[in-house]
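1. got a sequence here, can you model it:
(2 chains)
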Amino acid sequence: DTEVTQTPKHLVMGMTNKKSLKCEQHMGHRAMYWYKQKAKKPPELMFVYSYEKLSINESVPSRFSPECPNSSLLNLHLHALQPEDSALYLCASSLVQGSETQYFGPGTRLLVL
Amino acid sequence: GENVEQHPSTLSVQEGDSAVIKCTYSDSASNYFPWYKQELGKGPQLIIDIRSNVGEKKDQRIAVTLNKTAKHFSLHITETQPEDSAVYFCAASGYNNNDMRFGAGTRLTVKP
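-> Coordinates of the predicted model:
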């Protein structure tokens, strides 16, 4: 089983709202990732968690706040987003961080009004 | 850091023809090269990958070749079918690169 699940599939939020994206995997992977993907562009890395600790933050604005409550779960908390933050948010996981296969979830399509 | 370039950006072929997509990378420490297929409204799906200790890998109609000296790798799809139509991304990563870098993507259209 190489499944990564993400909820919700779609999200519409106003600029003053607070919402969270959720990601789950049960493959025993110890690295989890958040990517942002704009239309017709490749995924852009935002955060990497390795063994539940934040390993990489690619200079992401503080209105995006990641959280890794345990080895199977990854959250992305959203607050005071801008319309330009509208995108597909992808979660991925791999056995460990580094040159390992990353398995992607289906994504959450976010629209900020 | 790693930089991955991918060509062409769009590719249109007739059903049954072959399709080739090429990528180059900059960091000689990169040692893992996956290819992802992304259909509209879905997340990227791994279709094949190759590590730097081999030069070629094949899985049915899909093959990947790697030239470490020239730092380029290619995806070959034979006997293309309409369901192969999608965006394809190459990527590169390594033990010394803590993240994976993607190419810009190739939109493949297979005409019936």
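
2. residues in chain B within reach of chain A, list them.
-> B:30-32, B:34, B:36, B:41-46, B:49, B:51, B:89, B:93-95, B:97-100, B:102-105 (C-beta under 8 Å from any C-beta of the partner chain). Any C-beta I mention is one placed from the backbone N, CA and C, and that applies to glycine too.

3. quick one, what contacts B:N31?
-> Each residue near B:N31 by C-beta atoms under 8 Å, 6 or more residues apart in numbering or on different chains is listed here: A:99, B:51-53, B:93-95.

4. between which two of these is the distance greatest?
-> B:N53 and B:S93 (14.9 Å; C-beta to C-beta).

5. those two: which is more packed in?
-> B:S93 (28 against 8; other C-beta atoms under 10 Å in any protein chain shown).

6. and the residue most central in space within chain A, how far from A:E24?
-> With distances taken as C-alpha atoms, centre = their mean, A:W34 lies nearest the centre of chain A, 3.0 Å away. Counting by C-beta to C-beta, to the nearest Å, the separation of A:W34 from A:E24 is 13 Å.

7. what are the phi and psi angles of the residue nearest to A:K38 when sequence neighbours are not counted?
-> Of all residues not flanking A:K38 in the chain, A:A87 sits nearest, at 5.1 Å (C-beta to C-beta, 6 or more residues apart in numbering or on different chains). Geometry field for A:A87 lists phi and psi as phi -180, psi 180, criterion degrees, to the nearest 10.

8. now do A:P83
-> Torsion angles, degrees, to the nearest 10, at A:P83: phi -50, psi -30.

9. excluding its backbone neighbours, what's nearest it?
-> Distances taken as C-beta to C-beta, 6+ apart place A:V112 nearest to A:P83, at 5.1 Å, with adjacent residues excluded.

10. tally of neighbours for that neighbour?
-> 19.

11. same thing with B:D17?
-> Using other C-beta under 10 Å: B:D17 sits among 13 other residues.

12. do you know the pLDDT at the residue nearest to A:P83?
-> On pLDDT, A:V112 comes in at 96.

13. about what we covered before: scan the contacts of B:N31 and report the most crowded one.
-> B:S93 (28 neighbours).

14. could you list every helix and strand that the host helix or strand of that one packs against?
-> Assigned by DSSP states H and E, B:S93 belongs to strand B:86-94. Packing partners of strand B:86-94 (3 or more C-beta pairs under 8 Å, 6 or more residues apart in numbering or on different chains; DSSP states H and E): strand B:4-7, strand B:19-25, strand B:32-38, strand B:72-77, strand B:97-102, strand B:106-111.

15. can you give me the buried ones in the first one?
-> The reference is to strand B:4-7. B:4, B:6 (16 or more other C-beta atoms under 10 Å in any protein chain shown).

16. partner strands of it, with direction?
-> strand B:19-25 (antiparallel) (DSSP bridges).

17. ok, the residue nearest to A:P83 - contacts?
-> A:V112 neighbours (C-beta under 8 Å, 6+ apart): A:13-15, A:81-86.
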